[in-house]
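1. everything below, folded, please.
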Amino acid sequence: MIRRKTKIIATIGPASSSREVLERMIDAGVDLVRLNFSHGTAEQHISIANLVREIAAGLRRPIGVLCDLQGPKIRIGKFENGKITLKVGDKFVLDANCKLGNQERVGLDYKLLTDDVEAGAVLVLDDGRMVMTVDDVRGDEIFCTVNQNGELSNNKGINRQGGGLSAAALTEKDREDIKTAAAMEADYVAVSFPRNAADIELARRLVRKAGGYASIIAKIERAEAVEALAEIIEVSDAIMVARGDLGVEVGDAAVPGLQKRMIREARSRNKLVITATQMMESMISSPIPTRAEVSDVANAVLDGTDAVMLSAESAVGKYPVEAVAAVDRVCLEAERDFDSHSLYTEAGEVDRADEAIALAAIYTADRLKVDAIASLTQSGTTAKLMSRSNTLPPIFALSPEKETRRKLTLYRGVYPFLFEEQSKDRDVILQAAEDDLRRRGAVKNGDLILLTIGEPIGQAGGTNTLKIVKVGG
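-> Alright, predicted model coming up:
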């Protein structure tokens, strides 16, 4: 049985919100869906989440739900005619009081931009398609000179090159959207434009206050977030290498190196990591990816990312199913030649039994050449710890908890299954787990498997036992 270790996240939008397309995308390889709260209504997002869960239940496999908060809207306003064309040397004004823009000026959704820039600052608009240098700031007006020919249209985003915009990561809209995410029992909530650890800690408190159990993902897309990377990773459950806005703030040439660094640092701290933005961008309008896109996805896999994410490709593109299928086959091919030890690091001292058991399982699995690892888990912690070192055999996470199984859909190399054996006898449970995996076709007679379990039975975070067995032996 061929199993892809790297997980696939697909953004749902007009091109993929029907039952028929969702079913085909999940069949093609989607592990989690992303609901982009920058678009759509709360009711629409809840409806899609319910539909995904209904499809998943029919397939008897978990599908995770990731809610992506919009974050601060640092955008220009609208133009009289929808767009304008600017040339190098043109003078242009960003005016917080302008209602409808023209060839000389345009309004601002983010009124405090005038406090965040000064003469000499470089503003990058529309993901780098338009660049301006600030000449002067007077009251509510920012006077600029255009550095790059191009078209500028309604509501395009603004970044300051090098960072430095003070907008809070969580807006009032985000706070309401967190309540929506909690109501739909979202598995992950992604925080857009965090600057520091405090932004992530606030998001977690708001999720818990709303009654949600979602894990928190920090989207690294501000220059300030790169500087505070270690502290942000420490308080997050996962990070997202959000290459679009990040590339605008730090420069596109810096992104590949930062991507590798972020993946490496997240894994070293036992956190999850998602690589996102323009993974298969050409497939918005083409049924096949470019060779450069194939290499990009493959390199993220070789870097050790837990997941790759499709955005516009699956949300509004013409070929959402084909885009998922393309990512699936690229990940599988990249994993064939993957050095299983390239992510392995010798562990120092540990202070928890479950971490010691996870490290022992990794070491044993690679050297004894076992066929599978089975982690009987309440919280998923042991499975996560083992997934950080990218062992060759698959890690089957057997859990009675639906929330745990859905979160495990993001973990690289981990395959969650429902397991409901009620016995308190360890040997009975281990035999039931072996029988369950065999019935599913995950293992066969003669296979060598590692089983991890905690005693007392049913205690979350209590993994303290490792057993090696031959299936049917």
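
2. quick check: Gly162 vs Pro320, distance?
-> Separation of Gly162 from Pro320 (Cβ to Cβ, to the nearest Å) stands at 36 Å. For the C-beta atoms, the positions are set from N, CA and C on the backbone; glycine is no exception.

3. between the two, who's got more neighbours?
-> Between Gly162 and Pro320, Pro320 has the larger neighbour count (other Cβ atoms under 10 Å), namely 29 against 13.

4. centroid residue for the protein?
-> Ile274 (3.9 Å; Cα atoms, centre = their mean).

5. who touches it in this structure?
-> Ile9, Ile217, Ala238, Ile239, Met240, Val241, Thr305, Asp306, Ala307, Val308, Met309, Leu410 (Cβ atoms under 8 Å, 6 or more residues apart in numbering).

6. tell me which of the residues you listed is nearest to Phe37?
-> Ranked by distance to Phe37 (Cβ to Cβ), the contacts of Ile274 are led by Ile217 at 13.0 Å.

7. for the protein, which residues score under the pLDDT cut-off?
-> Applying pLDDT under 70 to the chain flags the ranges 1-2, 338-349, 456-461.

8. how is the chain divided into domains?
-> By the record's domain assignment, the chain is partitioned as 7-71+169-335, 83-160, 353-470 (automatic domain parsing).

9. indicate which one of those domains is closest to Gly77.
-> Comparing the domains of the chain under Cβ to Cβ, the one sitting nearest is domain 83-160, at 3.0 Å.

10. now do the same end-to-end measure for that closest one.
-> Terminal residues of domain 83-160 lie 21 Å apart, using Cα to Cα, to the nearest Å.

11. repeat for stretch 299-309
-> Taking Cα to Cα as the measure, stretch 299-309 stretches 14 Å from start to finish.

12. from the chain's centre, how far out does that stretch sit?
-> Chain-centre distance of stretch 299-309: 11 Å, with Cα atoms, centre = their mean, to the nearest Å.

13. cool, and stretch 226-243?
-> Centre-to-centre, stretch 226-243 and its host chain are 11 Å apart (Cα atoms, centre = their mean).

14. and if you look at stretch 272-280?
-> Taking mean C-alpha positions (Cα atoms, centre = their mean), stretch 272-280 and its chain are 7 Å apart.

15. repeat for stretch 275-283
-> For stretch 275-283, the gap between its own C-alpha mean and the chain's C-alpha mean amounts to 13 Å (Cα atoms, centre = their mean).

16. adjust the sequence numbering to begin at 11 for everything that follows.
-> Sure thing, new numbering starts at 11, so read that last one as stretch 285-293.

17. got the end-to-end distance for that stretch?
-> First residue to last in stretch 285-293 (Cα to Cα) measures 17 Å.

18. closest one of the contacts of Ile284 to Leu395?
-> Once Cβ to Cβ is applied, the member of these that ends up nearest Leu395 is Asp316, at 13.3 Å.

19. and that closest one, what does it touch?
-> Thr16, Lys17, Ala248, Leu282, Val283, Ile284, Ser397, Leu420, Tyr421, Arg422.

20. got TSV for these, with distance to Ile294 and secondary structure too?
-> Converted to TSV, the contacts of Asp316 look like this (distance: Cβ to Cβ, whole Å; DSSP: H, G, I helix; E, B strand; the rest coil):
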residue	distance to Ile294	secondary structure
Thr16	22	coil
Lys17	22	strand
Ala248	26	strand
Leu282	27	strand
Val283	25	strand
Ile284	20	strand
Ser397	31	helix
Leu420	24	helix
Tyr421	29	coil
Arg422	26	coil
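
21. export those residues to a markdown table and tack on distance to Val98?
-> Compiled in a markdown table, the contacts of Asp316 are given as follows (distance: Cβ to Cβ, whole Å):
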| residue | distance to Val98 |
| --- | --- |
| Thr16 | 43 |
| Lys17 | 44 |
| Ala248 | 41 |
| Leu282 | 43 |
| Val283 | 39 |
| Ile284 | 37 |
| Ser397 | 50 |
| Leu420 | 45 |
| Tyr421 | 48 |
| Arg422 | 46 |
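
22. just the buried subset of those, please.
-> The neighbour-count test (16 or more other Cβ atoms under 10 Å) marks Thr16, Lys17, Ala248, Leu282, Val283, Ile284, Ser397, Leu420, Tyr421, Arg422 as buried among the contacts of Asp316.

23. hang on, the first one packs against Tyr421?
-> No - when contacts are counted by Cβ atoms under 8 Å, Thr16 is not listed as touching Tyr421 (10.6 Å).

24. excluding sequence neighbours, find me the nearest residue to Val360.
-> With sequence-adjacent residues excluded and distances taken as Cβ to Cβ, 6 or more residues apart in numbering, Val360 is closest to Ala366, at 5.1 Å.

25. after the helix or strand containing that neighbour, heading C-terminal, what element do we hit next?
-> In this assignment (DSSP states H and E), Ala366 forms part of helix 363-378. Using DSSP H and E, the helix or strand that follows helix 363-378 in sequence is strand 382-386.

26. list the contacts of the helix holding Ala366.
-> Identification of contacts with helix 363-378 by Cβ under 8 Å, 6+ apart yields 350-351, 354, 357, 360, 380, 383, 391-392, 395-396, 399, 401-403, 458, 460, 462, 464, 471-476, 478.

27. residue boundaries of the helices in the stretch 61-210 of the chain?
-> Using DSSP state H, counting those that start in this stretch, the helices assigned to the stretch 61-210 of the chain run over residues 123-126, 182-193, 207-219.

28. just put those helices in CSV and tack on mean neighbour count.
-> Compiled in CSV, the helices of the stretch 61-210 of the chain are given as follows (neighbours: other Cβ atoms under 10 Å):
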stretch, mean neighbour count
helix 123-126, 17
helix 182-193, 19
helix 207-219, 18
